[in-house]
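Trainee: can't give you the sequence, but here's the structure:
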């Protein structure tokens, strides 16, 4: 009996699909009771990271799993590493023009498209992860990020935060800002301009070529991320000093970005799922960074790496150069100016609160 | 034609429901194509906070909205403030025995049920929000939390974190630990025991009675949360000094908890939705606390509040008392011991990393 009724139902549905000629047929009677055949979506995500890159590539895979689980398979996302589908730094364009539905990266990669993007990734001497997350979530930052990406037909989402990064690998001690003079260092973005104001040379080197460049003396120093990733790169084998803190990336925010047309074509509940998965990424990435960096810091120390701290005086000079570099950037672009004003006003206010609490925690409560 | 077919379909479905006698009827042919009438779930959440309590009550409302949006209305949660459905501190039992599907609170409220619960809310001189989130998410903490709640038929979820709280309101200066002698202060939990070791008296006062108790001298001092909530309580009108940092609650973790049977009866995708919504809460709560506390810190200063910092010496003595208090608690309970060992091992490791990065950020990068 059950099988017979099932067959009638399936036949009825098939007739209906043909009659409507629409795979999203919404079947309802006058009273509004409805049975909605579920349309499924198969998306692609192109990342700016090598496939399965620790934490950054992993979170792209996790994001896809979370979305599939939450949507009961209604939205499936296949993740591609940088270069597998489109080259890493073409992800923005590929998603913007709808070739790929979504991407993952860090907004400073798109500074050439719109300089304001940098504020949504890392600003030298800018906010740390807790502060920048608060700015995005409660301080109007996310609205400005959406505005910045809107003209590219993109919607941005949080994609995790690295926390304060390390300051880089050197083969000589940096005792004052003068020690940057003549130094060839891999240092991208605004921080590269700051380095040049300090008399150094910012050299652009892709991730895969840093080790060889440092080993052969093409560069004298390099920044990368933190103990977990840097240990895998093997920098401790060819550089003597590992400096902290990473003034150039004090809380690098990562991102997912989605083609707006593809987003708008999704049912509302899948749009909500994309958003929630991004918050889950925001929690997982920093947690995993802190966990793994704690483990690999011990490991690096065990392998004889010498940890050094930049002096406050050195950093104060670099902070001054940064102010000039940011002003130069902002001066030419009204959107950058708008974003910078929101960013720096929030930083000023939240820092007063952080000083009384988080800073006091580290200095007086933490053993 | 379409309406006619619709009626056939609806009739077929109705027959099927009756034939199966099961509201979750899964209709499928031999090949596996399926149309699944969607079962909806209507849940209740009882909170330990007053209805719509800033941030803490708000996030319960938001959680319900997020879940409803993501599930396309399949899981609806009606939120009740403390006392509306069951008294605040009976939430744990009500969810444990299935009277209510889920609750929101902070795990230290349930220390009387299982002392290990306290480690999942706040530990004096324990981890801050960034560290404790990492422990829960990547360091094995969440697994221990699940183990702790399992015997109560409950599943815990992250529900946000307050960040470092303020140290409380006083009418005399606290220049050394001796100034706690004879002081009657509202101070719950382990911190209350620490206060007593310092010669003070920990007084239990419910939130709604603190103002009057402080005004009438029933207590000499009180802790609460931070500028946003404390301003609403009006403590600045009756206390002179506002102390920081909140050594007793350096990163209070909040929670949602769900009856395990109700959880297990949900389809897997709704279980995933509950989890993701909790991560969204984890992001929103701290962001909103930092945002509002920044605003209300300025306001309180404008209203003449004097901010004071506990000295490092004072805090070092309290840290010593805390160690004893925690050991006394842990000594009697194997599960507490297991949780404490994981907690403190993680704290030791992550602190080394935090010192090099977040602490250096606050001391040298932040202006």
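Mentor: Done, it's in. Bear in mind that the values here come from a model prediction, so they are computed numbers and not experimental data.
Trainee: ok, the helix ranked longest in chain A near chain B or not?
Mentor: Ranked by residue count and defined by DSSP state H, the top helix of chain A is helix A:268-302. Yes - residues of helix A:268-302 are located near chain B by CB under 8 Å from any CB of the partner chain, namely A:268-269, A:272-273, A:275-277, A:279-280, A:282-284, A:286-288, A:290-295, A:297-298. For every residue, glycine as well, the C-beta is placed using N, CA and C.
Trainee: quick check: the gap between the residue most central in space within chain A and chain B.
Mentor: Residue closest to the mean C-alpha point of chain A, counted by CA atoms, centre = their mean, is residue A:254 at 1.0 Å. Residue A:254 sits 14 Å away from chain B when distances are taken as CB to the nearest CB, to the nearest Å.
Trainee: my read: that residue touches residue A:157, true?
Mentor: No - counting by CB atoms under 8 Å, residue A:157 is not a contact partner of residue A:254; they are 9.8 Å apart.
Trainee: contacting residues for the nearest residue to residue A:276 once chain neighbours are set aside?
Mentor: Leaving out its chain neighbours, the residue that sits closest to residue A:276 by CB to CB, 6 or more residues apart in numbering or on different chains is residue B:276, at 4.3 Å. Neighbouring residues of residue B:276 by CB atoms under 8 Å, 6 or more residues apart in numbering or on different chains: A:66, A:70, A:273, A:276, A:277, A:279, A:280, B:70.
Trainee: so how far is residue B:76 from the third one?
Mentor: In this case it means residue A:273. In this structure, residue A:273 and residue B:76 are 17 Å apart, going by CB to CB, to the nearest Å.
Trainee: please identify the buried residues of the longest helix of chain A?
Mentor: A:269-297, A:300 (16 or more other CB atoms under 10 Å in any protein chain shown).
Trainee: does residue A:147 belong to a helix, a strand or coil?
Mentor: With DSSP: H, G, I helix; E, B strand; the rest coil as the basis, residue A:147 sits in helix.
Trainee: how many neighbouring residues does it have?
Mentor: 14 (other CB atoms under 10 Å in any protein chain shown).
Trainee: check the secondary structure at the spatially closest residue to it that is not a sequence neighbour for me.
Mentor: Sequence neighbours aside, residue A:335 is the residue nearest to residue A:147 in space, at 7.5 Å (criterion: CB to CB, 6+ apart). Three-state call for residue A:335 (three-state DSSP): helix.
Trainee: do I have it right that residue A:335 meets residue A:150?
Mentor: No - Residue A:335 is not in contact with residue A:150 according to CB under 8 Å; the separation is 10.6 Å.
Trainee: who's more crowded, these two?
Mentor: residue A:335 (17 against 12).
Trainee: okay, that one: pLDDT?
Mentor: Listed pLDDT for residue A:335 reads 97.
Trainee: and what of the one 3 residues further on?
Mentor: Model confidence at residue A:338, given as pLDDT, is 97.
Trainee: count of residues packed around residue A:324?
Mentor: Quick note: residue A:324 (other CB under 10 Å) scores 12 neighbours.
Trainee: which helices and strands does the helix or strand it falls within pack with?
Mentor: Using DSSP states H and E, residue A:324 sits within helix A:312-331. Other helices and strands packing on helix A:312-331, by 3 or more CB pairs under 8 Å, 6 or more residues apart in numbering or on different chains; DSSP states H and E, are helix A:189-197, helix A:334-354.
Trainee: residue A:171 - how many residues pack around it?
Mentor: Residues contacting residue A:171 under the criterion other CB under 10 Å number 12.
Trainee: state whether residue A:43 and residue A:74 are indeed in contact, as I suppose.
Mentor: No - using CB under 8 Å, residue A:43 is not in contact with residue A:74, being 11.1 Å away.
Trainee: isn't there a strand covering residue A:156?
Mentor: Yes - under three-state DSSP, residue A:156 sits within a strand.
Trainee: what bridges to it?
Mentor: Applying DSSP bridges to residue A:156 gives these bridge partners: residue A:257.
Trainee: related to what we said a few turns ago, which residues does the residue nearest to the centre of chain A contact?
Mentor: If you count contacts by CB under 8 Å, 6+ apart, residue A:254 has them with A:56, A:59, A:104-106, A:121, A:158-162, A:281, A:285.
Trainee: identify those among these that sit within helices.
Mentor: Mapping the contacts of residue A:254 onto helices (DSSP H) picks out A:56, A:59, A:281, A:285.
Trainee: just those residues now: which is nearest residue B:260?
Mentor: residue A:281 (26.8 Å; CB to CB).
Trainee: return the distance of that closest one relative to residue A:60.
Mentor: Distance from residue A:281 to residue A:60, counting by CB to CB: 9 Å.
Trainee: list residues touching both of the two?
Mentor: Common neighbours of residue A:281 and residue A:60 (CB under 8 Å, 6+ apart) are residue A:256.
Trainee: for the stretch 101-250 of chain A, which segments count as helices?
Mentor: Assignment of helices within the stretch 101-250 of chain A using DSSP state H, counting those that start in this stretch yields the ranges A:129-138, A:141-150, A:189-197, A:210-215, A:227-233.
Trainee: tell me what the fourth one is packed against?
Mentor: Read that as helix A:210-215. If contacts are counted by 3+ CB pairs under 8 Å, 6+ apart, helix A:210-215 sits against strand A:184-186, strand A:221-222.
Trainee: as a whole number, average confidence for that helix?
Mentor: 97.
Trainee: do the same with stretch A:148-155
Mentor: According to the model, stretch A:148-155 has a mean pLDDT of 98.
Trainee: tell me which residues in it are buried?
Mentor: Buried residues in stretch A:148-155, counted by 16+ other CB under 10 Å: A:148, A:149, A:152, A:153, A:154, A:155.
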